[in-house]
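**Student:** Dropping the sequence and predicted coords here.
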Amino acid sequence: MRATQIQYRLFYMLRSKYRKVTKHSYDLSKKSSSISLTLEKSIYSYESFSDGDFSFLNLEHSFKDEIDWNFLEHGKLWAYNLNYFEYLNQKDFEVDDGKKIIYDFIDNIFANRQGLEPFPNSLRGINWIKFLSFSGLVDKKIDDSLYAQYYVLLDTLEYHILGNHLLENGFSLLFGAYYFQDEVLFKKAKKILIGELTEEILDDGSHYELSPMYHQLMLFRILDCINLVKNNNHLKDEKLNNMLKEKAEIMLSWIGQFSYKDGTVAHFNDSSDGIAPTTKELFEYAKRLGLDVSKKIPLKECGYRIYDNDNYELRVDVGEIGPSYIPGHAHSDTFNFELRVGGKPFIVDTGISTYNSNQRRLIERQTASHNTVMIDNIEQSGVWSSFRVADRAHIKSLEEGEDFVYASHDGYKKLGIIHKRKFTVSDKNIKIEDFLENNTKHEAVSYIHFHPSIEDIKIEEDKIVTKDVIFYIKGSKKIQLDDFTFAKCFNKYDKAKLLKVTFDGDMSVDIAII
């Protein structure tokens, strides 16, 4: 952890103990003066509320009378989503429904343990302000409650976590500053956003936590902030405005290149469909805001590489698992890859289905759930709990040319082994070579996960045959097919086939597109 994280963890812990003794409580209604904001059309949120029913993460619940804002039967992330209020901005949402739900929240705010945590507090602030602005609703009760919530947020900023959490705090404070014409909120928002955007957006345009899903979410938030400052004349700051525009354009460059031709993204690290806006939606929004969407900066710092032609689309991970001080969304997946053939998923990441601290979450982050090599059943990086990583793999060497990338990592240094992997590509062939430097007695397994639609898979000696692709394997000791559970998205699963190739020396897989 960084010194800031340690400092604030200690500070918040000691302050919490002191406040329990002194019976501290926040004032949850604060006299306010808001203004009507002008905003261009944003991106509609996914539909998650209909006829009194809430649906998040593909799990539904209907509250009979009052909403239980601390509802945890579907997990903490579901409760967070309930408190985000993103449903206010789904298409054709009724203003009266929104006002009713907001009032329910306000009337029960003192008992709400989930909603006043800084992360849902941040997202809710943005969503309330967007809803109020687009609907034209002016309501003193809502404004006074929201203003108080912003000062709770100001007192609980997530310096103890950093990363996308603190960035979300900053985005929200900017919205609050404009809506309430509050210089205190604005100064804090500016400081956070300039600092974090400089830190978190790498030179190639990637978000440094290396989750394509979170990249899309952070880009969406930046676009909303550009919308805010572009269409409202007060609280202008040239440095901040220029940074928002600059970061948005290079992030568009990154996601535009990294996305597959159908607009979806590889599920590297914590990524899933149906959570963030799509790449197409982000580009359309950016165009409405007058941004330059034509930039193409080569992928470098992120550690991801793309190889596309008329026959296949290949995404390769030869980078670090993420920032050393906030690897919460990282997986043990160094040298992972995904492959699409003919525009359709073929070799896939296992995906994610939960953030709950359980066995499924652990499995989805482990080495064997990715298309890479595991030695002696030891993890490349020590993933544990829901968002923790202990000893982790580091890239030791990287060479690349137009048609290859060759890298090594030290995730098995405890065994005295350096794993090297080389990807070489041509028009209809991908060759993957694995080398175990210094190996003497250890057994390795290379995992390849097939999409559930790939069913007719046959083993013919050292050859794997499918309808569209043939795998030629050299250097194996054993080849077998198993089943695995593919996470289609949160809380939705499918059965699929897994290829396991056991070896103890040099091994190669030639993937030939028929």
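**Tutor:** Everything's here; your move.

**Student:** Okay, buried residues for stretch 440-457 please.
**Tutor:** Neighbour-count burial for stretch 440-457, with 16 or more other Cβ atoms under 10 Å as criterion, is recorded at 444-452, 454, 457. No exception for glycine: its C-beta is placed from N, CA and C like everyone else's.

**Student:** roughly how far is it from the heart of the chain?
**Tutor:** 26 Å (Cα atoms, centre = their mean, to the nearest Å).

**Student:** same check, this time on stretch 406-425
**Tutor:** 26 Å.

**Student:** cool, and stretch 109-116?
**Tutor:** 25 Å.

**Student:** about what we covered before: so which of the buried residues of stretch 440-457 comes closest to Phe335?
**Tutor:** Nearest to Phe335 among the buried residues of stretch 440-457: Ser446, at 9.8 Å, using Cβ to Cβ.

**Student:** hang on, the closest one in a helix?
**Tutor:** No: with DSSP: H, G, I helix; E, B strand; the rest coil as the criterion, Ser446 is located in strand rather than a helix.

**Student:** and the gap between it and Asp97?
**Tutor:** To Asp97, Ser446 is 52 Å away according to Cβ to Cβ, to the nearest Å.

**Student:** ok so, going back, wait, which of the buried residues of stretch 440-457 is closest to Trp78?
**Tutor:** Pro452 (25.1 Å).

**Student:** and the closest one, what does it touch?
**Tutor:** For Pro452, the contacting residues are 486, 494-496, by Cβ atoms under 8 Å, 6 or more residues apart in numbering.

**Student:** try it again with 10 Å
**Tutor:** 345, 348, 484-486, 488, 493-497 (Cβ atoms under 10 Å, 6 or more residues apart in numbering).

**Student:** repeat for Tyr151
**Tutor:** By Cβ under 10 Å, 6+ apart, Tyr151 lies in contact with 26-28, 30, 176, 182, 184-185.

**Student:** Need phi/psi at the residue nearest the centre of the chain.
**Tutor:** Note on the chain: the residue nearest the mean C-alpha position is Tyr214, at 2.9 Å, using Cα atoms, centre = their mean. For Tyr214, the backbone dihedrals are phi -70, psi -30 (criterion: degrees, to the nearest 10).

**Student:** Go through the contacts of Tyr151 and flag which are in helices.
**Tutor:** 176, 184-185 (DSSP state H).

**Student:** secondary structure class for Asn371?
**Tutor:** Classified using three-state DSSP, Asn371 is coil.

**Student:** if I read this right, it contacts Leu499, doesn't it?
**Tutor:** Yes: look at Asn371 against Leu499 with Cβ atoms under 10 Å: they come within range, at 9.4 Å.

**Student:** Between these two, tell me which one has more neighbours.
**Tutor:** Asn371 (24 against 21; other Cβ atoms under 10 Å).

**Student:** Quick check: bridge partners of the nearest residue to Gly475 once chain neighbours are set aside?
**Tutor:** Using Cβ to Cβ, 6 or more residues apart in numbering and skipping residues adjacent in sequence, the residue nearest Gly475 is Met507, 3.8 Å away. Note on Met507: beta-bridge partners by DSSP bridges are Asp434.

**Student:** which ones are touching Met507?
**Tutor:** 373, 432-436, 444, 446, 473-477, 501.

**Student:** Most neighbours among these, which one?
**Tutor:** Val373 (27 neighbours).

**Student:** possible to save the contacts of Tyr151 as CSV with neighbour count?
**Tutor:** CSV is the format used below for the contacts of Tyr151 (neighbours: other Cβ atoms under 10 Å):
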residue, neighbour count
Tyr26, 16
Asp27, 9
Leu28, 16
Lys30, 17
Gly176, 28
Asp182, 22
Val184, 14
Leu185, 25
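
**Student:** Let me know the closest of those to Asp139.
**Tutor:** Nearest member of the contacts of Tyr151 to Asp139, counting by Cβ to Cβ, is Lys30, at 14.6 Å.

**Student:** Helices of the stretch 301-450 of the chain, start to end?
**Tutor:** Applying DSSP state H, counting those that start in this stretch to the stretch 301-450 of the chain gives helices spanning 359-365.

**Student:** That one: strands as residue ranges?
**Tutor:** 304-308, 312-317, 337-341, 344-347, 373-375, 383-384, 388-389, 395-401, 404-409, 418-426, 429-437, 444-449 (DSSP state E, counting those that start in this stretch).

**Student:** show me what contacts the residue nearest to the centre of the chain?
**Tutor:** 163-164, 167, 200, 207-208, 269-271, 275-276, 329 are the contacts of Tyr214 under Cβ under 10 Å, 6+ apart.

**Student:** Dump those to CSV, plus distance to Val425.
**Tutor:** Rendered in CSV, the data for the contacts of Tyr214 read as follows (distance: Cβ to Cβ, whole Å):
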residue, distance to Val425
Gly163, 33
Asn164, 32
Leu167, 35
Glu200, 31
His207, 26
Tyr208, 27
Asn269, 23
Asp270, 27
Ser271, 23
Ile275, 30
Ala276, 29
His329, 28
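
**Student:** Please convert the buried members of the residues you listed into PyMOL selection syntax.
**Tutor:** Command for PyMOL that selects the buried part of those, burial taken from 16+ other Cβ under 10 Å:
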select buried, resi 163+164+167+200+207+208+269+270+271+275+276+329
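
**Student:** Could you break this structure into its assigned domains?
**Tutor:** Here the domain parsing of the chain from automatic domain parsing is 36-156, 193-302, 305-513.

**Student:** Now distance to Ser172 too, for those domains, in CSV please.
**Tutor:** Putting the domains of the chain into CSV (distance: least, Cβ to Cβ, whole Å) gives the following:
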stretch, distance to Ser172
domain 36-156, 4
domain 193-302, 9
domain 305-513, 19
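
**Student:** Could you dump these into JSON lines and include mean pLDDT?
**Tutor:** JSON lines is the format used below for those (pLDDT from 0 to 100):
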{"stretch": "domain 36-156", "mean pLDDT": "97"}
{"stretch": "domain 193-302", "mean pLDDT": "97"}
{"stretch": "domain 305-513", "mean pLDDT": "97"}
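
**Student:** now for the ones you listed, which one comes closest to Met1?
**Tutor:** domain 305-513 (5.4 Å).

**Student:** and the end-to-end length of the closest one?
**Tutor:** 20 Å (Cα to Cα, to the nearest Å).

**Student:** Same question for stretch 129-147.
**Tutor:** 11 Å.

**Student:** Tell me how far that stretch lies from the chain's centre.
**Tutor:** The answer for stretch 129-147 is 29 Å, by Cα atoms, centre = their mean.

**Student:** Of all the residues in that stretch, which ones are buried?
**Tutor:** Using 16+ other Cβ under 10 Å as the test for burial, stretch 129-147 gives 129-135, 142-147.

**Student:** now do stretch 48-62
**Tutor:** Under the neighbour-count criterion of 16+ other Cβ under 10 Å, stretch 48-62 has 48-49, 54-57, 59 buried.

**Student:** ok so, going back, just flag the most distant two among the contacts of Tyr151.
**Tutor:** Farthest apart among the contacts of Tyr151 - using Cβ to Cβ - are Leu28 and Val184, which lie 18.1 Å from each other.

**Student:** just checking, which of the contacts of Pro452 belong to strands?
**Tutor:** Judged by DSSP state E, the contacts of Pro452 include 345, 484-486, 488, 493-497 as members of strands.

**Student:** related to what we said a few turns ago, dump the contacts of Tyr214 into TSV; add secondary structure and distance to Asp92 as well.
**Tutor:** As requested, the contacts of Tyr214 are exported to TSV (DSSP: H, G, I helix; E, B strand; the rest coil; distance: Cβ to Cβ, whole Å):
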residue	secondary structure	distance to Asp92
Gly163	helix	34
Asn164	helix	30
Leu167	helix	30
Glu200	helix	34
His207	strand	31
Tyr208	coil	37
Asn269	coil	34
Asp270	coil	31
Ser271	coil	29
Ile275	coil	21
Ala276	coil	21
His329	coil	33
